[in-house]
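A.B. asks: let me see the structure of the following:
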Amino acid sequence: MPLLSRMMIRIAFLNLWVGFGIATLILSYKGHPELFPAYTWQWIPAHVNLLLIGWMVQLALGVAYWILPRLYMQGSERGRIRFAVAAPILINTGVWLHVITALIAPWNNDMMTLLPAGLFLQLLGVIAFAIHAYPRIRPMLL
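C.D. replies: Below is the predicted model of the structure:
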């Protein structure tokens with residue numbers, strides 16, 4: 001398995017565990033509201049973003065980088081490596097910008113302006129991976 005796939009999958013697991021940790025705090029607030037601040041419910045977007053984008057999408061991209069057909073006789077057998085490396089960097093930067101903004105926003109509403117920037121970085125990461133993977137996706141030869 002290539003190094004980039006291993007790194008993407010490991011970071012996806014990190015996002016999974018942090019997302020579950022935030023979910024644990026949110027559910028703990030439901031059981032014992034006196035122990036947590038009232039804005040704990042505002043952490044739900046961070047939890048969802050970590051699990052859907054940080055875990056599911058990144059895991060899928062890490063496996064796709066490894067398992068898509070290789071390009072033989074075209075210089076690099078895995079395609080445009082720079083786009084493949086840029087994809088997890090952009091996705092994780094966007095996810096964590098979104099998470100930090102969602103966690104800090106109850107104290108500072110000016111931080112809410114960073115949410116679109118985080119989502120835009122995630123979109124750029126997915127587009128970068130699509131540019132990388134497009135030449136590797138071809139019809140099956142019979």
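A.B. asks: tell me what the lengthiest helix in the chain is packed against?
C.D. replies: Secondary structure of the chain per DSSP state H: the longest helix is helix 3-31. Contact analysis of helix 3-31 by 3 or more CB pairs under 8 Å, 6 or more residues apart in numbering; DSSP states H and E lists helix 44-49, helix 58-67, helix 81-104 as its packing neighbours. C-beta: built from backbone N, CA, C; applies to glycine.
A.B. asks: would TSV of those helices with mean pLDDT be doable?
C.D. replies: Supplementary listing: the helices and strands packed on helix 3-31 in TSV, determined by pLDDT from 0 to 100:
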stretch	mean pLDDT
helix 44-49	91
helix 58-67	93
helix 81-104	92
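A.B. asks: switch the ones you listed over to a markdown table; also include mean neighbour count.
C.D. replies: Listed next are the helices and strands packed on helix 3-31 as a markdown table, based on neighbours: other CB atoms under 10 Å:
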| stretch | mean neighbour count |
| --- | --- |
| helix 44-49 | 19 |
| helix 58-67 | 19 |
| helix 81-104 | 20 |
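A.B. asks: can you lay out these as TSV showing distance to Ala128?
C.D. replies: Putting these into TSV (distance: least, CB to CB, whole Å) gives the following:
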stretch	distance to Ala128
helix 44-49	19
helix 58-67	10
helix 81-104	4
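A.B. asks: among those, which is nearest Ile26?
C.D. replies: Nearest to Ile26 among those is helix 44-49; the distance by CB to CB comes to 6.4 Å.
A.B. asks: okay, that closest one in PDB with CA atoms only?
C.D. replies: In PDB, the C-alpha atoms belonging to helix 44-49 read as follows (Å, rounded to 0.1, in the frame of the first residue of the first chain):
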ATOM      1  CA  ILE A  44     -23.000  19.200  16.100                       C
ATOM      2  CA  PRO A  45     -21.800  20.700  12.700                       C
ATOM      3  CA  ALA A  46     -18.200  20.000  13.800                       C
ATOM      4  CA  HIS A  47     -19.100  16.500  14.700                       C
ATOM      5  CA  VAL A  48     -20.900  15.900  11.400                       C
ATOM      6  CA  ASN A  49     -18.100  17.500   9.300                       C
END
